[in-house]
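Novice: Here is a sequence together with a model predicted from it:
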Protein chains: 2
Amino acid sequence: MSPIELLNTHHLRKTQFREKVLDIFLRHDRALSHRDIESQISEADRITLYRTLRTFEEKGLIHKAIDGSDKLKYALCAGHCDVHAHHDHHAHFHCASCGQTFCIDEVQPPGIQTPPGFVVESTHLIFNGRCALCAN
Amino acid sequence: MSPIELLNTHHLRKTQFREKVLDIFLRHDRALSHRDIESQISEADRITLYRTLRTFEEKGLIHKAIDGSDKLKYALCAGHCDVHAHHDHHAHFHCASCGQTFCIDEVQPPGIQTPPGFVVESTHLIFNGRCALCAN
DNA sequence: AGCACACACGCAACAATGTTGCATTAAAAA
DNA sequence: TTTTTAATGCAACATTGTTGCGTGTGTGCT
């Protein structure tokens, strides 16, 4: 999947900036923070990036990757997200050492016994620890 | 458990400010953000609160309650945390409507099959949805 | 009780992160 | 190509978090 294809299928205008951002996501198989992305685009405009990420999330290209760190991160949706709802029920692994966040698609969050009256809309499962590189 | 007892058992100095903060935690059975606490103390000093919360977390009185919102929250430890390690493997429910976060002690996070080399140190399970009050 | 020491507090200054408004520019439609 | 619509870039501002330092307060000691 190329940046342009992604923009087309999600009915978004094709701009240089958006293509750059998507290209970065496609080249990294993990969740990225605002800073991660900004530092990889020369002469990136902070504000435009904030708005680009918000738009991408609203249109279902990316979703928030909740990893338990204080930083908000985003990851490319695996294709089953759309405009109406994110199906972000998958798990994330956050490395406490290098700060990187990886998507763990294999693990399914458990069912819930919430108190009566509570309605669950999405579930997040976070594993915190050390990645293969930092564990040694 | 009273504020003073908590400070004593954790070997912390008893100050007015700390007692106020602990009193707020004891009166609310849920995770609180910096803002939540600040707004309940008249003439609270932002910086002192940051340092108080950090100290409380280091000494094992409170722990970070990761709820998937962009805000960092803290909740009182249930007694099994200490100076050396937080046993924060329990689940949190975050209401998307009112923003409140509740601890769900009954649910146990599942085991993991992480990629080889990855070491898990803690697990967080977050349920996002609507609480009993907001669901109607 | 009084004293000394360590620590907590409160303030200032700064750094990082996120938001809003508006004029300009670029993409899509006519 | 022209018109229309949306994205961009900049300024200004709001919020959140950090660091340094002088002052005040709690605690242990004599």
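Specialist: Structure received. Values in this document were obtained by computation on a predicted structure and should not be read as measured data.

Novice: Secondary structure class of whatever residue is furthest in space from the centre of chain A, three-state.
Specialist: Ranked by distance from the centre of chain A (Cα atoms, centre = their mean), the top residue is A:Pro116, with 31.2 Å. Classification of A:Pro116 by DSSP: H, G, I helix; E, B strand; the rest coil places it in coil.

Novice: residue contacts, it?
Specialist: Contacts here follow Cβ atoms under 8 Å, 6 or more residues apart in numbering or on different chains; on that basis A:Pro116 touches B:Ala132. Placement of C-beta: from N, CA and C, glycine included.

Novice: what's the pLDDT at it?
Specialist: Confidence at A:Pro116, expressed as pLDDT, is 77.

Novice: what's around A:Glu58, how many residues?
Specialist: Using other Cβ atoms under 10 Å in any protein chain shown, A:Glu58 is surrounded by 12 other residues.

Novice: To clarify, my last question referred to A:Glu5.
Specialist: If you count neighbours by other Cβ under 10 Å, A:Glu5 ends up with 10.

Novice: What strand or helix carries it?
Specialist: Taking DSSP states H and E as the definition, one finds A:Glu5 inside helix A:3-9.

Novice: longest strand anywhere in chain A?
Specialist: As assigned by DSSP state E, the longest strand anywhere in chain A is strand A:119-130.

Novice: which residues touch the residue nearest the centre of chain A?
Specialist: Closest residue to the average C-alpha location of chain A: A:Ala75 at 1.9 Å, with Cα atoms, centre = their mean. Contacts for A:Ala75 were tallied using Cβ under 8 Å, 6+ apart; they are A:25, A:30-32, A:62-63, A:65, A:101, A:103.

Novice: what's the offset of the longest helix belonging to chain A from the middle of its chain?
Specialist: Longest helix in chain A by number of residues, with DSSP state H as the criterion: helix A:46-59. Relative to the mean C-alpha coordinate of its chain, helix A:46-59 is positioned 12 Å out (Cα atoms, centre = their mean, to the nearest Å).

Novice: which helices and strands sit right next to it?
Specialist: In this structure, helix A:46-59 makes packing contacts with helix A:16-27, helix A:34-38, strand A:62-64, strand A:73-76, judged by 3 or more Cβ pairs under 8 Å, 6 or more residues apart in numbering or on different chains; DSSP states H and E.

Novice: so how far is A:His90 from the residue lying closest to A:Glu19 once chain neighbours are set aside?
Specialist: Leaving out its chain neighbours, the residue that sits closest to A:Glu19 by Cβ to Cβ, 6 or more residues apart in numbering or on different chains is A:Pro3, at 4.3 Å. A:Pro3 sits at a distance of 23 Å from A:His90 (criterion: Cβ to Cβ, to the nearest Å).

Novice: in chain A, what spans have low per-residue confidence?
Specialist: For chain A, residues meeting the criterion pLDDT under 70 lie at A:79-89, A:106-114.
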